[in-house]
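Chemist: have a look at this prediction, sequence included:
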Amino acid sequence: SSGINAEYGGHEMCVFEVDWNPAGPFTTAQYSFFIPPYRLQETSFWMLQNKGDHDVFIHPNSGCETDDHTKWNTFSGAKWPIDASVFTCNYPGCKPNTRS
């Protein structure tokens, strides 16, 4: 996905374009947002109460993409599979689970 607001500087939240087909780690179409950490609790609460028939997947952006998407996430609704093979982890101290 390429962000509509490619630079986060000065933006409270960043809305990304809809991926109508599987893209990156997501195995189905998806719509995504960047939410600043200090707004996460309030925004998550609102999303979970107002999701309707939609599934919600929330994950941090710590720099360790693998763990962000596979260990430190929250699902509401269907738990869709994530293709973790597309991730890199170049963040200092990041030691993601590796599968043989």
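Modeler: Structure's in. What do you need?

Chemist: after the longest helix seen in the chain, which helix or strand is next?
Modeler: Selection of the longest helix in the chain by residue count, based on DSSP state H, yields helix 40-49. Next in sequence after helix 40-49, counting helices and strands by DSSP states H and E, comes strand 56-58.

Chemist: tell me the mean pLDDT over that next one?
Modeler: For strand 56-58, the mean per-residue pLDDT is 92.

Chemist: partner strands of that strand and their direction?
Modeler: The strands beside strand 56-58 in its sheet (DSSP bridges) come out as strand 74-76 (antiparallel).

Chemist: could you give me the average pLDDT of the strand it pairs with?
Modeler: 92.

Chemist: who's in contact with the nearest residue to Pro81 once chain neighbours are set aside?
Modeler: Nearest non-adjacent residue to Pro81, counting by Cβ to Cβ, 6 or more residues apart in numbering: Thr27, 5.1 Å away. Backbone N, C-alpha and C define where each C-beta goes, glycine included. When contacts are counted by Cβ atoms under 8 Å, 6 or more residues apart in numbering, Thr27 is found next to Trp80, Pro81, Ile82, Asp83.

Chemist: which of these tops the neighbour count?
Modeler: Highest neighbour count within those: Ile82, with 18 neighbours (other Cβ atoms under 10 Å).

Chemist: all helices for this structure, in order.
Modeler: Under DSSP H, the chain gives helices at 40-49, 65-70.

Chemist: most tightly packed of those?
Modeler: helix 65-70 (a mean of 20; mean count of other Cβ atoms under 10 Å).
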